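Novice: below is the structure, and that's it, no one-letter string:
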């Protein structure tokens, strides 16, 4: 019996030892986990932040993009301050309105820009302009708003050897001073004229500056031989455009926000024109009519954009013009169209079949289509848009690379449940689909320019989402879906 008692006692002792060892193991494991946390914290504390691993040259390029914050960025660290102070381009963009009654600060910033090309923006003839005049040979871009004639007087005897980009908000019909700047800007390539109103008038003093055309010829307002980019905004009533009377031998990009764009298109000859943009404008009564001339002179235009007015208001005349442009520019390959042109209050202008005629189908070479401010919320939007893509596919037309961009991605997010079928049609009928700020319904495979994209965001009924519903999914959704979720957090 004694042997049995001793055996049981030994078993009890071993069991106690086992428990002690297990407890020691648990304690060691806890200590290991705690030590790993300490080490991770120390590593993070001693690690160099990713942005500080960038070379100075790349860091400087980032600062140039946010140069408005240059003073505050210079206080972050000694290295950042050195990079900012030693990069002249960061100081080369000057808004004179920021230096009102501070000429010394303006002079300091100009000195820091050294010999970098300057971008100067001014709204009227400020006294601080005198500080800029000694640097006029470095002005690369000049933007003049408001009282342009007074500013022109200050520039009357100065040459602009480096000026390539000029924006002028005209305030009167006289263009004498503007013509004078052209003659002293041999490098001018980009011209944007706003505030056009009535035909240009030229006095006898400047009648010979730009050729031997008649005194009221609109071509006088443009330095036609040197321009590669031209943008016009305003009214061109009674300009008396003559067909093929304005020659732009090297013009590549044209933007029109004028009330009679067809007359201007008939008047120009631009064999190298590649890009055309039309904007609805605000408060503009467009003159809409068919193009009178050979459309073959615009066969080189591959890129076309239809942009909205600043208020995005519907304008039927502008939509009718866009319909005509579909016939004028038949060689378009890359189109960027705002939703305003696709879904007006009454009917679709560019893809809605009118007597079996769809204007956008004139672009037989179309490869890529980007639609801005796209929305699936309206039923008729989905219906006609999907029908158009289906018809293109069934008729054997080229499958497009489609990019949809939504500015109101919060509303689209709450309507996703109704649109899954539309996404499937787009995926089937397009060569690729790229979404920006438009999340897809659950587990939807969408082809993109880089391959297949799997989106798996949660779906909520309209008006039912709560903050607690949105916080957790945001940690696992794709970036663009997270943007939509975050927007909801701020609007609930």
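Specialist: Looks like it came in fine. Here the structure is a predicted model, which is why all the values come from computation and not from measurement. Residues are numbered from 1 along each chain as shown.
Novice: so where does residue 310 fall, helix or strand?
Specialist: Of the helices and strands defined by DSSP states H and E, none includes residue 310.
Novice: in the stretch 51-200 of the chain, where is pLDDT below threshold?
Specialist: Applying pLDDT under 70 to the stretch 51-200 of the chain flags residues 125, 147, 171-176, 198-200.
Novice: in it, mark out all the strands, start to finish.
Specialist: In the stretch 51-200 of the chain, the strands defined using DSSP state E, counting those that start in this stretch lie at 93-95, 118-122, 139-144, 165-169, 190-197.
Novice: ok, residue 337 touching residue 368?
Specialist: No: with contact defined as CB atoms under 8 Å, residue 337 does not count as touching residue 368 (11.3 Å). For glycine as for every other residue, the C-beta is placed from the backbone atoms N, C-alpha and C.
Novice: more crowded one of those two?
Specialist: residue 337 (22 against 18; other CB atoms under 10 Å).
Novice: using the three-state scheme, assign the more buried one.
Specialist: strand (DSSP: H, G, I helix; E, B strand; the rest coil).
Novice: now do it against residue 256, distance only.
Specialist: 16 Å (CB to CB, to the nearest Å).
Novice: tell me, how many residues neighbour residue 225?
Specialist: Counted with other CB under 10 Å, residue 225 comes out at 13.
Novice: next one: residue 86
Specialist: By other CB under 10 Å, the residues close to residue 86 number 12.
Novice: list the contacts of it.
Specialist: Residue 86 makes no contacts at all, as judged by CB atoms under 8 Å, 6 or more residues apart in numbering.
Novice: one more pass at 10 Å, please.
Specialist: Applying CB atoms under 10 Å, 6 or more residues apart in numbering to residue 86 gives the contacts 56, 60, 112, 114.
Novice: one more: residue 400?
Specialist: Neighbours of residue 400 in contact, by CB under 10 Å, 6+ apart: 335, 363, 366-369, 389, 392-393, 426, 429-433.
Novice: tell me how far it lies from residue 327.
Specialist: Taking CB to CB, one finds residue 400 at 19 Å from residue 327.
Novice: same question, residue 196
Specialist: 26 Å.
Novice: these two: who's more crowded?
Specialist: Taking other CB under 10 Å, residue 196 and residue 327 do not tie; residue 196 has more neighbours (22 against 13).
Novice: which residues does that one bridge with?
Specialist: Residue 196 forms beta bridges with residue 234, as assigned by DSSP bridges.
Novice: doesn't residue 170 make contact with it?
Specialist: Yes: look at residue 196 against residue 170 with CB atoms under 10 Å: they come within range, at 6.3 Å.
Novice: what's around residue 431, how many residues?
Specialist: 13.
Novice: and for it, nearest residue in space, chain neighbours not counted?
Specialist: Computed as CB to CB, 6 or more residues apart in numbering, the closest residue to residue 431 that is not its neighbour in sequence is residue 399, at 4.3 Å.
Novice: would that neighbour count as being in a strand?
Specialist: No: the assignment for residue 399, made by three-state DSSP, is coil rather than a strand.
Novice: test my guess that it contacts residue 390.
Specialist: No: using CB under 10 Å, residue 399 is not in contact with residue 390, being 11.8 Å away.
Novice: okay, now the nearest residue to residue 291 once chain neighbours are set aside: neighbour count?
Specialist: Nearest non-adjacent residue to residue 291, counting by CB to CB, 6+ apart: residue 328, 4.7 Å away. Using other CB under 10 Å, residue 328 has 22 neighbouring residues.
Novice: quickly list what the most centrally placed residue in the chain is bridged to.
Specialist: Centroid-nearest residue in the chain, with CA atoms, centre = their mean: residue 372, separated by 10.3 Å. Taking DSSP bridges as the rule, residue 372 bridges to residue 338.
Novice: ok, back up a step: OK, contacts around the residue nearest to residue 431?
Specialist: 367, 389, 392-393, 428-432.
Novice: any idea which of those residues is closest to residue 144?
Specialist: The shortest approach to residue 144 among those belongs to residue 367, at 38.8 Å (CB to CB).
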